[in-house]
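S.K.: Sequence first, then the predicted structure, then my questions.
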Amino acid sequence: MQTIRTVEELKNWVREEKKSGQTIGLVPTMGFLHEGHLSLVEKAKQENDKVVMSIFVNPAQFGPNEDFDRYPRDMERDQQLAASAGTDVIFAPSVAEMYPRESQISISAGAQAEVLCGAKRPGHFDGVLKVVTKLFHLTEPNRAYFGQKDAQQLAIIESLVADYNFPLEIRRGETVREADGLAKSSRNVYLSEAERREAPHLHAALQLGKQLVLGGENPLQEMSEYLKERISGKIDYIELHDYPTLSKEITDEAILALAVQFEKARLIDNVIIKLKGN
Ligand code: AMP
């Protein structure tokens, strides 16, 4: 496995691979890898000749009071984990390499970003679209892999690709969880011991809510009460929408999603609920 730090070197590598007819799978990440990231690499490995993982903590997707500076980073450990999962290339540019000048053109997410995290983190998904667009152009992947853990991000990136005819396929990866149900996340390291014990209740609340939705009930009040009795963190939102449109009108699939702010970590999780063909 090689680690590439510059745009020029990445483009040269991509050119050579394309010349010899190799297909490329891209797994964009912010690093501090866990099994969720590695499951995406494994899927990419099965479906492509070569796998590129980007590791870039993207300042454009963090708000001024968010955790960009203290987002966890450990490149050496990431290199070992990525290599063991079968990654061929890590692309880990500096901020200056990725954004050498102020962008003159902005890309903005539409109505899908007006709910859930998009409503709470203004500009976040515009920053995601900015980095993902660049990564797509630099890597020219046949397929790019995103986790259902960040379901709103996934839905918005699917719209980007569909609306602007990006010549690649978006592939979805299931959420990988700890044995107690907590969704794996780089930010879990910032939970205190007590918070870590409470955190599996997020998944439990979603499972409870899913049953209520399938029974034709509105789950939001009950989920909120369930969580308030069990966690010290502050509920940022609990919402139910259509998926992947994220509109109010629920048709075949719904997303039930929540965000909780603990002292040093904001956690998100969701469940997708099939309402037809169940
Ligand atoms: P991040 O490094 O948090 O930006 O995540 C990089 C990619 O990994 C995104 O597509 C995430 O949705 C995905 N991901 C993060 N956590 C998980 C998880 N627990 N299971 C599956 N995919 C995940």
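M.R.: Received the coordinates, thanks. Residues are numbered from 1 along each chain as shown.

S.K.: what's the closest non-adjacent residue to residue 28?
M.R.: Closest residue to residue 28 apart from its sequence neighbours, by CB to CB, 6 or more residues apart in numbering: residue 54 at 4.8 Å. In this view, the C-beta of every residue, glycine as well, is placed from N, C-alpha and C.

S.K.: Who does that neighbour form a beta bridge with?
M.R.: residue 28, residue 91 (DSSP bridges).

S.K.: Around it, how many other residues sit close by?
M.R.: Residues lying near residue 54 (other CB atoms under 10 Å) number 26.

S.K.: could you list every residue that touches it?
M.R.: 26, 27, 28, 29, 90, 91, 92, 135, 139 (CB atoms under 8 Å, 6 or more residues apart in numbering).

S.K.: Residue 160 now?
M.R.: Going by CB under 8 Å, 6+ apart, the list of residues near residue 160 reads 107, 129, 132, 133, 166.

S.K.: Provide a ChimeraX selection command restricted to the buried entries of these.
M.R.: Selection of buried members from the contacts of residue 160 for ChimeraX, criterion 16 or more other CB atoms under 10 Å:
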select :129,132,133,166
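
S.K.: Can you pull the phi/psi pair for whichever residue of the stretch 101-250 of the chain sits closest to the ligand?
M.R.: Taking CB to the nearest ligand atom, the ligand has its nearest neighbour within the stretch 101-250 of the chain at residue 147, 2.4 Å off. Backbone torsions for residue 147, taken as degrees, to the nearest 10, come to phi -90, psi 140.

S.K.: what's the spacing between it and residue 161?
M.R.: 16 Å (CB to CB, to the nearest Å).

S.K.: Then residue 91?
M.R.: Per CB to CB, residue 91 is found 19 Å from residue 161.

S.K.: neighbour count winner among those two?
M.R.: residue 91 (26 against 17).

S.K.: From residue 9, how far out is that one?
M.R.: Going from residue 91 to residue 9 by CB to CB gives 9 Å.

S.K.: and if you look at residue 96?
M.R.: According to CB to CB, residue 96 and residue 9 sit 15 Å apart.

S.K.: Which one of those two is surrounded by more residues?
M.R.: residue 9 (15 against 8).

S.K.: Centre of the chain to the helix or strand that contains the more buried one, how far?
M.R.: Take DSSP states H and E as the rule and residue 9 turns out to sit in helix 7-19. Computed by CA atoms, centre = their mean, to the nearest Å, the chain-centroid distance of helix 7-19 equals 26 Å.

S.K.: and residue 258, which of the three is it?
M.R.: When classified by DSSP: H, G, I helix; E, B strand; the rest coil, residue 258 comes out as strand.

S.K.: how about the nearest residue to it, chain neighbours excluded?
M.R.: Closest to residue 258 by CB to CB, 6+ apart is residue 238, at 4.5 Å.

S.K.: which phi and psi does that neighbour have?
M.R.: phi -130, psi 120.

S.K.: ok, it - contacts?
M.R.: 205, 209, 220, 223, 224, 227, 256, 257, 258.

S.K.: Closest one of those to residue 153?
M.R.: When the contacts of residue 238 are compared for distance to residue 153 (CB to CB), residue 257 wins out at 11.4 Å.

S.K.: so how far is residue 206 from the closest residue to the closest one other than its chain neighbours?
M.R.: The shortest distance from residue 257 to any residue other than its chain neighbours is 3.7 Å, reached at residue 270 (CB to CB, 6+ apart). Using CB to CB, residue 270 is found at 7 Å from residue 206.

S.K.: I appreciate the help and will end here.
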